[in-house]
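Novice: here you go, sequence then predicted model.
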Amino acid sequence: MTDLPAGLLQQSFLAGGEFHYELNSTSTRALEVGAGDIPLPYLIWAEQQAAGRGRGHNIWWAGPGALTFTILLSPQSLGIAPAQWPGLSLCVGTAICQFLQRMQIPDVRLKWPNDVYLSSRKVCGVLIESVACRPDRLAIGIGINVNNSLLNAPPEIQQRATSLVDVLSTTHSLVPFLTGLLQELDSVLTLFGRAPKEFPPLWRDLCWLTGRQVRMTDVRGSVTGTVLGIADDGALRVRLPEGESRFVSGTVEPLSA
Ligand code: BTN
C-alpha cells in the first residue's frame, strides 16, 4: 500500500485514501477499513484487482489499464437522505456519463441500474454496498475499462463489453482521468442532495434501455417486455403483456442489440 499520487487529494473532495499496485478487491478493502475511524470521503484505488466483485455473485475481471477504485463516504454529509439511497447508483452512473460526455466521447448511456454503456456495450460497472456497523457509510465501487483492450477477450465478453481504448483508439493518463471523475462525482452527488428533482429528466435522456425488449429477473421470477424508461423514483418501467410494471431491483438482459 502507498500514498495516493500527488495532487489527487488536493484537487478532489477526498479527505484521505490509499493506492495499491495489487489488491483482491477495492470494495472488499473498503468494507474492512470503512468499519474504523478514517477520514471521509476516502479512496481506495488499485492498479490491478485479483478478485474484483460485481453485483450479486458476479466477478469483475479487468486487465491492466483498467481504472478500479472504491470511495467510502457518508451520503448525509453531502445532503443525501437515506430515502434517496436507492437512486444513488443511477446518480453515480449519471456522473460517469456526464464526465465521459464532457471529454467529447460520443454514444455514452446509462444502463439501469448500475452500468454505463459506450457504443451499446458495457464500459463501466458500479457496485454500491453499505458498511457493516456504520449505517451512515457507503462504499461506492467503480470499474471502468479505460486503457485495457478487450480485443483479445473471449467473443462473448467482446459482444457485451468494451473499453475506451478500443472505441477511441487513444489511451488516457489515469491520474488526471480519475481526478476529473472525482470532481464530477462530487458535484453530481452534491446536486443530488440539494435538488433531487433535477435527476429524473437526466436519467430519462441517458437511459440506454428505453424502447428495447428485455428479460427482467427479480425475486418474483423472469418476464419479458419493452422498457418504457426510468420513473422519477429510479424504478425501471417495463410494458408487459398484462400492462406496465415497475422494477426497483433485479437484473435486466436486453433481447436485442
Ligand atoms: C457490476 O457491473 O456488477 C459492478 C462492477 C463493479 C466493479 C468495481 S471495480 C472496483 C470495485 N471493486 C470491486 O471489487 N468491484 C468494484
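Specialist: Arrived safely. Model, not experiment: these values are computed from the prediction.

Novice: okay, whichever strand or helix holds residue 68 in CSV with CA atoms only?
Specialist: Per DSSP states H and E, residue 68 falls inside strand 67-73. Extracted as CSV, the C-alpha positions of strand 67-73 are listed here (Å, rounded to 0.1, in the frame of the first residue of the first chain):
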residue,chain,number,x,y,z
LEU,A,67,-9.5,2.0,-13.6
THR,A,68,-10.8,0.3,-10.4
PHE,A,69,-11.5,2.1,-7.2
THR,A,70,-13.9,2.4,-4.3
ILE,A,71,-14.9,5.6,-2.5
LEU,A,72,-16.1,5.4,1.1
LEU,A,73,-18.4,8.3,2.0
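
Novice: contacts for it, please.
Specialist: Strand 67-73 is contacted by residues 14, 26-27, 29-30, 33-34, 38, 40-46, 48-49, 52, 60, 62, 131, 137-144, 146, 174, 177-178, 182, 185, 189 when judged by C-beta atoms under 8 Å, 6 or more residues apart in numbering. Any C-beta I mention is one placed from the backbone N, CA and C, and that applies to glycine too.

Novice: show the pLDDT at the closest residue to the ligand within the stretch 1-150 of the chain.
Specialist: Nearest residue of the stretch 1-150 of the chain to the ligand: residue 125, at 2.3 Å (C-beta to the nearest ligand atom). In the predicted model, residue 125 carries a pLDDT score of 97.

Novice: same check on the one 10 residues further on?
Specialist: Note for residue 135: predicted pLDDT of 93.

Novice: which residues of the stretch 1-150 of the chain lie near the ligand?
Specialist: Taking C-beta under 6 Å from any ligand atom as the contact definition, the stretch 1-150 of the chain meets the ligand at 25-27, 49, 52-55, 58, 60, 68-70, 115, 125-127, 141-143.

Novice: and those residues, which of them are buried?
Specialist: Neighbour-count burial (16 or more other C-beta atoms under 10 Å) is assigned, among those, to 25-27, 49, 52-55, 60, 68-70, 115, 125-127, 141-143.

Novice: which ones among those map onto helices?
Specialist: Among these, the members falling in helices are 26, 27 (criterion: DSSP state H).

Novice: ranking helices and strands of this protein by mean pLDDT, which lands last?
Specialist: The helix or strand with the lowest mean pLDDT-type score in the chain, counting by mean pLDDT, DSSP states H and E, is helix 155-160 (a mean of 90).

Novice: walk me through the domains of the protein.
Specialist: 16-205, 209-254 (automatic domain parsing).

Novice: which SSE is immediately downstream of whatever helix or strand residue 217 lives in?
Specialist: Take DSSP H and E as the rule and residue 217 turns out to sit in strand 213-218. As assigned by DSSP H and E, the chain's next helix or strand after strand 213-218 is strand 221-230.

Novice: tilt between that following strand and strand 213-218?
Specialist: In terms of direction (axes from the mean of the first three to the mean of the last three C-alpha atoms, to 10 degrees), strand 221-230 departs from strand 213-218 by 120 degrees.

Novice: and strand 221-230, C-alpha only, in CSV?
Specialist: Included here for strand 221-230 are C-alpha records, laid out as CSV according to Å, rounded to 0.1, in the frame of the first residue of the first chain:
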residue,chain,number,x,y,z
GLY,A,221,-39.2,-14.5,-11.4
SER,A,222,-38.4,-13.6,-15.0
VAL,A,223,-40.6,-11.7,-17.5
THR,A,224,-40.1,-10.2,-20.9
GLY,A,225,-41.3,-6.8,-22.0
THR,A,226,-40.4,-3.5,-23.5
VAL,A,227,-38.7,-0.8,-21.5
LEU,A,228,-40.7,2.4,-21.2
GLY,A,229,-38.0,4.4,-19.3
ILE,A,230,-36.9,5.3,-15.8
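
Novice: now that strand: mean pLDDT?
Specialist: pLDDT averaged over strand 221-230 equals 96, rounded to a whole number.

Novice: paired strands for that strand, with orientation please.
Specialist: Under the criterion DSSP bridges, strand 221-230 sits next to strand 213-218 (antiparallel), strand 236-240 (antiparallel) in its sheet.

Novice: and that strand, which residues are buried?
Specialist: Neighbour-count burial for strand 221-230, counted by 16+ other C-beta under 10 Å, picks out 223, 225, 226, 227, 228, 229, 230.
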